[in-house]
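Asker: Following is a predicted model, sequence given first.
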Amino acid sequence: MALPKYVSFTEVVSKLPFSSTHIRRLIAQGEFPKPVKLGLRRNAFVEQEIIDWIKAKRDGAAA
């Protein structure tokens with residue numbers, strides 16, 4: 001089993017057409033994948049969860 005790849009909040013914001021504030025709001029509302037804690041001061045997102053979220057949004061918009 002391969003280890004998941006992690007991406008930073010900055011990377012997520014740079015790849016999506018949303019502001020950082022909007023992404024934080026989506027996380028708080030449970031509508032966006034939550035980051036995982038990697039250390040005392042380090043949080044990151046599982047890249048595959050972000051990819052799956054984008055695909056779900058894309059597929060939902062096409063319906």
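Answerer: Right, received. Where do you want to start? Here the structure is a predicted model, which is why all the values come from computation and not from measurement.

Asker: which one is Ala44 nearest to, not counting chain neighbours?
Answerer: Closest residue to Ala44 apart from its sequence neighbours, by C-beta to C-beta, 6 or more residues apart in numbering: Tyr6 at 3.8 Å. Yep, even glycine has a C-beta here, placed from its N, CA and C like the rest.

Asker: show me what contacts the one you found?
Answerer: 36, 38, 44-47 (C-beta atoms under 8 Å, 6 or more residues apart in numbering).

Asker: Tell me the strands beside the longest strand along the chain, with direction?
Answerer: Taking DSSP state E as the assignment, the strand of the chain that covers the most residues is strand 43-46. Sheet pairing for strand 43-46, assigned by DSSP bridges, gives strand 6-7 (antiparallel), strand 36-37 (antiparallel).

Asker: any idea which helix or strand comes after the first one?
Answerer: Going down the chain from strand 6-7, the next helix or strand is helix 9-15, by DSSP states H and E.

Asker: for that next one, packing partners?
Answerer: Other helices and strands packing on helix 9-15, by 3 or more C-beta pairs under 8 Å, 6 or more residues apart in numbering; DSSP states H and E, are helix 20-28, strand 43-46.

Asker: try it again with 10 Å
Answerer: helix 20-28, strand 43-46, helix 47-62 (3 or more C-beta pairs under 10 Å, 6 or more residues apart in numbering; DSSP states H and E).

Asker: Identify, out of those, the most deeply packed stretch.
Answerer: strand 43-46 (a mean of 18; mean count of other C-beta atoms under 10 Å).

Asker: hmm, who's touching that strand?
Answerer: Applying C-beta atoms under 10 Å, 6 or more residues apart in numbering, the external contacts of strand 43-46 come out as 4-9, 11-12, 23, 27, 32-38, 52-53.
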